[in-house]
Every structure is written in structure tokens, then in C-alpha cells.
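Trainee: Fold the following.
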Amino acid sequence: MNSTPNFYRLTVLHRQLDDAERREAHRQGADPFRLLRLKTLKLAVKERLAALTLRALRRPALRPALAR
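Mentor: Take a look at the predicted model:
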């Protein structure tokens, strides 16, 4: 879909935050404030990914010069 380096970095960051959230939730004596912070960051990254995807869909398709 969108192969920009920024999109890739955001997907990797989202995966890392998801893993960190899962580890924190399963840790004995999990810190609820850390969990909340991780969830908030993950949601912010998800919103940025959605914005990039919408921007890519709205961009007009490039036509080859011979197709005119």
C-alpha cells in the first residue's frame, strides 16, 4: 500500500509498543500508568498511520508518459 520509510518506521514502532504493552500487562505488579502511557502512544502511532494511508489514497495516480 504505502512503502514510504516513515510508514515502515511507524509500523515497526506500533509493533514494539504493542509488545511492550503486552509484556507490561502480563508482568506481576504491572504499572497502570506505564500501561496507559503505552496505550496512548500506540494510539497516536495508529492515528499517524491512518493519516498517511488516507493521504496516499487521495494522491492521484501517476500515469506513464506514453499513456497520454
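Trainee: element containing the closest residue to Ala20 other than its chain neighbours?
Mentor: Leaving aside its chain neighbours, Ala20 sits nearest to Leu38 (5.6 Å; criterion: Cβ to Cβ, 6 or more residues apart in numbering). C-beta coordinates here come from the backbone N, C-alpha and C atoms, glycine included. Following DSSP states H and E, the helix or strand that holds Leu38 is helix 32-58.
Trainee: by contact count, what packs against that helix?
Mentor: If you count contacts as 3 or more Cβ pairs under 8 Å, 6 or more residues apart in numbering; DSSP states H and E, helix 32-58 packs onto helix 5-26.
Trainee: which other helices and strands contact the helix it packs on?
Mentor: helix 32-58.
Trainee: Work out the gap between the helix it packs on and the centre of the chain.
Mentor: Here the centre of helix 32-58 is set off from its chain's centre by 5 Å, with Cα atoms, centre = their mean, to the nearest Å.
Trainee: so where's this protein uncertain?
Mentor: The chain contains residues with pLDDT under 70 at 1-3, 60-68.
Trainee: how much does the helix holding Leu38 deviate in direction from helix 5-26?
Mentor: Orientation of helix 32-58 against helix 5-26 (axes from the mean of the first three to the mean of the last three Cα atoms, to 10 degrees) gives an angle of 150 degrees.
Trainee: quick one, what contacts Asp19?
Mentor: Listed by Cβ atoms under 8 Å, 6 or more residues apart in numbering, the contact set of Asp19 is empty.
Trainee: who touches the residue nearest to Ala20 in this structure?
Mentor: Taking Cβ under 8 Å, 6+ apart, one finds 17, 20-21, 24 in contact with Leu38.
Trainee: and what of Leu41?
Mentor: Listed by Cβ under 8 Å, 6+ apart, the contact set of Leu41 reads Leu17.
Trainee: mind running it again at 10 Å?
Mentor: Residues in contact with Leu41 (Cβ atoms under 10 Å, 6 or more residues apart in numbering) are 13-14, 16-17, 20-21.
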